[in-house]
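J.: I would like the atomic coordinates for the input below:
(chains A and B)
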Amino acid sequence: MDVGQMQRQWLDYTRSLFIEGFLDNQFLQLQQLQDENNPEFVVEVVSLFFEDSERILKDLTFALDQQGVDFKKVDAHVHQLKGSSSSVGAQRVKNACIAFRNFCEEQNVEACLRCLQQVKQEYCLVKNKLETLFRLEQQIVAAGGSIPMMELSF
Amino acid sequence: MEGLSFSYYRDHLETFSIFSNSSSSSSSNNITYYIQLIDQDTGEAYGEPTKYNNYSSINQNLILEALEFSYSYAFNTTSLGTNWTIIIDDNGHNPLFLNSERVTRTSVLSLGFSVTTITDFVLAHENNGDNRSLISMAWGTKDGGAIVQGIPNTHLVISNDTVSLQALDQNGNPNNGVGGTTIPCNNERFGSGLNIQNTEYLIHCSTIDIMGTESVYVVAIPKNELLSFDHHQQQLYKKKGLALLIVMIFMILIALLSFLSMNARNAKREMRLRASLLKQMEATQQAERKNMNKTHAFAAANHDVRASLAGLTALIDMSFDLVDNGSELETNLKQMKGCTQDLLGLVNSILDTSKIEAGKMQLEEEEFDLSILLEDVVDLYYPMASNKGVDLILDPCDGSIIRYSRVKGDRGRLKQVLCNLLSNAVKFTNEGHIAVRARAQKPTSLHNSLMGSSSSGEKHGGFMERLSSWLFWKKSSEEAGGDHHEGESMSDSTQQTEACCVMDFIFEVDDTGKGIPKENYKSVFENYVQVKETALGLGGTGLGLGIVQSLVRLMHGDIEISEKDLGEKGTCFTFNVLLNAYNTITNPTPKEEEEQQQGSNEKGPLPTLQTCSSGSSICSISPRFRIRGSSPKPEPSRVVMLIADEYRRKATQRFMESLGIKVMAAKRWQDLFHVLKKIKQRCLNSSSQSSSSHGSEYLSVSSTLSRSRGLPLSSMDGNFDELNLSDGLVLVVVDTNAGPVFELWKMVSNFKRGLCNPCQIVWLDKKKMLLKDLDRNMLDQKDIVLMKPFHGSRLFQVMRLLPEFGGGSSRSHNSRSGKSLRDWNSSSRCHSYHEGERKGENDGGEIIQEGEDAKPLSEKKILVVDDNPLMRMIALRTLIQLGAVIEQCENGEAAVKLVGDGLIKDFPNLPYDYILMDCQMPEMDGFEATREIRKIEKRYENVRIPIIALTAETDKMSIDAGMDFHLEKPIKRQNFLAAIRYINAKHS
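T.: Numbers count the residues shown, from 1 in each chain, chains lettered A, B, ... in the order given. Down below sits the predicted model:
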């Protein structure tokens, strides 16, 4: 597979991520922040996000598992997750978090558990997608090409 | 009587007389005859009579017979009558008609003719003289008296009115029965035939009166001879006629044939010509079509090239952001950008040319401020010129441009024209100055100025071009106006003319460069023409001036190279354009627009003015015309100028003086001292003898100086005396280029120290020498430092310092304007540092702007407080890209500690310019941290570090906690910049 084809594929894939709502403009902002001084910026940020999210998700699962759920704590966790997901532009995770927080206010444990499942699912999805994207990028770079620029407007 | 005779006779041409003097007639043998010559005219005898002895030669017999006859007749008949007879001499030759008449009794007169003579005469009469030899003739008197038998072998008998002719045989006997005829003598045309000796004769008889004697003559013509002759003649005629006919027919045929052939050939040729014409026309059409297509394709291709070039430029710009400062890649990019810009310019000019060729060039009418446009253009080229050591001056002339600065026209095209001329001027000028003069004047009439009556109009040959431009313009206006008819558009334009007076704007770009040879004055405006000798090695396509000319003509003006005085170097391009002008004084609303426009215009190349002037000064220059007229003059103020460049000094002086300001201009920096001293002296004198020690000191110094150097100050003195400097403002404009900065500064500060009048110093410091050589603190706070060229808006701004133009009392005004200008001053100073550090040699305004765009936060210290490493990382990158220096900490507590320590360490300088604070943090959240920081700040005077909250929620808590702004997470570049702007605006 030649570089041009890979680049096209990369573009198509990125575009699909945006169209399906996995990512939003924030991700583009991140890409813009990446320059030759920091060539791995996006990957670094996103892997930070992965670490962060996994930790939060573990905490959340633990918190919701207990008898007499501490909704304040849950809410703080969800807030954090929402912040980090919006920072990388993982839009669907962020949206799920917003719904999650509403149920936290209601102190609805079942709904919260449902939301947690949803958040987890969204997180896994976006993680897979992003990992695929990074793999593609690595392939392109390995083949000697450069990552094409995305247009800013979506 | 007896024997005496006298006779005349003619022998050939001579007439002789023969006479005998002997009277013996009886013996004829003895008679002596004499011959004498006779004069033909007089009849007198002359010459010697010679004895005529030759008897034999004289026809004696004849004479005798004649005599005899005479005697007998004369003496026998008494009655007078016709007595003709024909006598024939011996041989039968030479018959004579003879008539004798008795004169007296003894003398007889006789007269004789030779018959042949008469025959000849008659025959000549009768016949046309042909064939005379064939014709024979007989003679006789009618009464039958005398007969000459002229026709051979015939016997003629004449009786009464008939003539009978008897043919004789060979023996002379009448041939009875054979021949004989009787013809009546009645002059019949055709005679009867007679056979004489087997020859058929035609006989014709005719009467003739010879000297009263009725005579008859008979003519006989051999018939067959005549016939044959006739026949022959006829044959001859027929042949000749036939030949003639044939020849004629032949000729006609030839003519016909040649005519036909010629016709045919012509027709053929015409056909051929037509065919070739058709072919040619087809070819021409094809060629035209091809050319059109080519032009279109060319334009399209050019357009595409331009598009991709624009893409390239944009990409290069983007790459600039990503590249390290000072790296090799950056310089390469810079060069690349230069190349693309050159290329873009080239493509643009070619595109313009093809556009003009295709007749698609249209003017875009918009309102704009002409004086600002001029200043923009001049300022744009000023750095380039001053790099070459050439001063670029905007000469305000009579200020008419400012009065009519609001115009409607094609701003871009006018700018293009000016830029082109200026870039040429800068390119070709290596020393001296370039002056841009502009003035407005009323066109004598629209029509006239179009037809070239204006001063810059071409005197000849321009008519058609103007006409075409006029038509062109009409067309374009039609196109612009959509469904306007021609007439309507005409009336439209005239209406416009009335509504907002059309002004003729005349621009001159005058340089002191190499100049253009006079013979090239016309041709430089043609496309692709460059003056070879001068353009060598300077590049360019030679399209520029052609486009300029087309554009100027499109704007109903014309361009030419005006001739300079002898000995002056360089070239002066003069062009005029017609623009709709609005009077700026009457309408206040456009002024506001103008201000806005000014602000927006100057955002680009003039960052110094953007921050400070807030557009107040330039436009209010115009009301000064009103102020001057109405209000009585306040205290007169003086302007002292020391400007290095002669042209700039003179132009500025002229302009100020035209507004009624007293201006003293010093040519050299040494002169400044004396000028200042003089003014000071006047001031001190007028303010009640408070002559301090300074004054006298200066006086003595100056007198020695002026004596030693012999400075021509007398002319200035004269001006001084009329001046009352009691309370006027003294404005001193000093160009740091003109002399050693320190000396100048000393001079000026000395001058200020002893002066009781308000005084304002303006430093023109385009090379930043003032700040290099002097300490910042040495300059008076009130002094104004101008970095940019002293013309246009800056000139007006400085002039507004004068009470005459500022309005109100000089002191209050002074403090006010002084303040505004000081702001301007300080900001310009700060910019200049900034510029100097970051840009080095680049002093083009545009690049600074770019720098600002890319790194607006350069050198700013920002503290980022966030517990989340992800957030911190993003914030960090965002801010670093904006050029900021970042410190970070994980929670509020750490942040408070950092701020406190920083303030303690070096107080007057703030530890951070901004703090970016997350709100929800463990240990100490953002709100609390902010409150703590504000508490710490209170210990110090007037310290407040702007804190920007970064929250996920949009609550109002941040403001209550003492934060200045709050941003929604995640941090975004634009939002952050907006926040900074907001905070800056609030603080200032």
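
J.: For chain B, see how far away the residue nearest the centre of chain A is.
T.: Per CA atoms, centre = their mean, the C-alpha nearest to the average position across chain A is that of residue A:90, at 3.6 Å. To chain B, residue A:90 is 11 Å away according to CB to the nearest CB, to the nearest Å. (Each C-beta comes from the backbone N, C-alpha and C, glycine too.)

J.: In contact with the nearest residue to that residue once chain neighbours are set aside, which residues?
T.: Leaving aside its sequence neighbours, residue A:90 sits nearest to residue A:126 (CB to CB, 6 or more residues apart in numbering or on different chains; 4.7 Å). Contact partners of residue A:126, counting by CB atoms under 8 Å, 6 or more residues apart in numbering or on different chains, are A:22-23, A:90, A:92-93.

J.: Pick the one among these closest to residue A:60.
T.: residue A:93 (12.5 Å; CB to CB).

J.: Wasn't that closest one part of a helix?
T.: Yes. Under DSSP: H, G, I helix; E, B strand; the rest coil, residue A:93 falls within a helix.

J.: What helices and strands are in contact with the host helix or strand of residue A:82?
T.: Using DSSP states H and E, the element containing residue A:82 is helix A:71-88. Secondary-structure packing of helix A:71-88 (3 or more CB pairs under 8 Å, 6 or more residues apart in numbering or on different chains; DSSP states H and E): helix A:25-33, helix A:41-65, helix A:91-106, helix A:109-142, helix B:869-881.

J.: From residue A:15, how far off is residue B:238?
T.: Computed as CB to CB, to the nearest Å, the residue B:238 to residue A:15 distance reads 118 Å.

J.: who touches the worst-scoring helix or strand of chain A on mean pLDDT?
T.: Least confident element among the helices and strands of chain A, by mean pLDDT, DSSP states H and E: helix A:25-33 (a mean of 82). Helix A:25-33 is touched from outside by A:41-42, A:45-46, A:86-90, A:150, A:152, A:154, B:874, B:877-878, B:881, B:970, B:972-973, with contacts defined as CB under 8 Å, 6+ apart.

J.: Can you report how many residues lie near residue B:251?
T.: 10 (other CB atoms under 10 Å in any protein chain shown).

J.: For it, give me the pLDDT.
T.: The per-residue pLDDT reported for residue B:251 equals 94.

J.: So it: helix, strand or coil?
T.: helix.

J.: quick one: it and chain A, what's the gap?
T.: Taking CB to the nearest CB, one finds residue B:251 at 93 Å from chain A.

J.: Next: residue B:278.
T.: From residue B:278 over to chain A (counting by CB to the nearest CB), the distance is 55 Å.

J.: what's the answer for residue B:867, then?
T.: 9 Å.

J.: Tell me how many other residues crowd the closest residue to that residue other than its chain neighbours.
T.: Closest residue in space to residue B:867, ignoring its immediate chain neighbours: residue B:921 at 4.4 Å, by CB to CB, 6+ apart. For residue B:921, the count of nearby residues is 23 (other CB under 10 Å).

J.: can you tell me the helix or strand for residue B:921?
T.: Under the criterion DSSP H and E, no helix or strand holds residue B:921.

J.: Kindly provide the distance from it to residue B:283.
T.: Going from residue B:921 to residue B:283 by CB to CB gives 85 Å.

J.: can you check residue B:930 too?
T.: Distance, residue B:930 to residue B:283, using CB to CB: 86 Å.

J.: again, but for residue B:760
T.: Per CB to CB, residue B:760 is found 77 Å from residue B:283.

J.: Looking at those two, which one has more neighbours?
T.: residue B:760 (23 against 11).

J.: can you confirm residue B:350 is in a strand?
T.: No. Going by three-state DSSP, the assignment for residue B:350 is helix, not a strand.

J.: Excluding sequence neighbours, find me the nearest residue to it.
T.: That would be residue B:302: by CB to CB, 6+ apart, it lies 5.7 Å from residue B:350.

J.: and the helix or strand hosting that neighbour, what other elements does it pack with?
T.: Of the helices and strands defined by DSSP H and E, residue B:302 is found in helix B:223-322. Judged by 3+ CB pairs under 8 Å, 6+ apart, helix B:223-322 is in contact with strand B:199-210, helix B:328-357, helix B:845-854.

J.: what's near enough to touch residue B:795?
T.: Applying CB under 8 Å, 6+ apart to residue B:795 gives the contacts B:396, B:652, B:655.

J.: what pLDDT does it get?
T.: 79.

J.: so which helix or strand takes in it?
T.: Residue B:795 is part of helix B:793-799, with elements assigned from DSSP H and E.

J.: backbone phi and psi for residue B:738, please?
T.: phi -80, psi -20 (degrees, to the nearest 10).

J.: looking at it, it is touching residue B:744, isn't it?
T.: Yes. Counting by CB atoms under 8 Å, residue B:738 does reach residue B:744; the two are 7.4 Å apart.

J.: show me where the stretch 351-500 of chain B has strands.
T.: B:366-369, B:391-395, B:406-409, B:433-441 (DSSP state E, counting those that start in this stretch).

J.: Buried ones in stretch B:742-755, by neighbour count?
T.: For stretch B:742-755, a neighbour-count test (16 or more other CB atoms under 10 Å in any protein chain shown) marks B:744-745, B:747-748, B:750-752, B:754-755 as buried.

J.: was I right about the residue nearest to residue B:867 contacting residue B:866?
T.: Yes. Under the criterion of CB under 8 Å, residue B:921 makes contact with residue B:866 at 7.2 Å.

J.: measure residue B:336 to chain A for me?
T.: 17 Å.

J.: what's the neighbour count on that residue?
T.: Neighbours around residue B:336, by other CB under 10 Å: 15.
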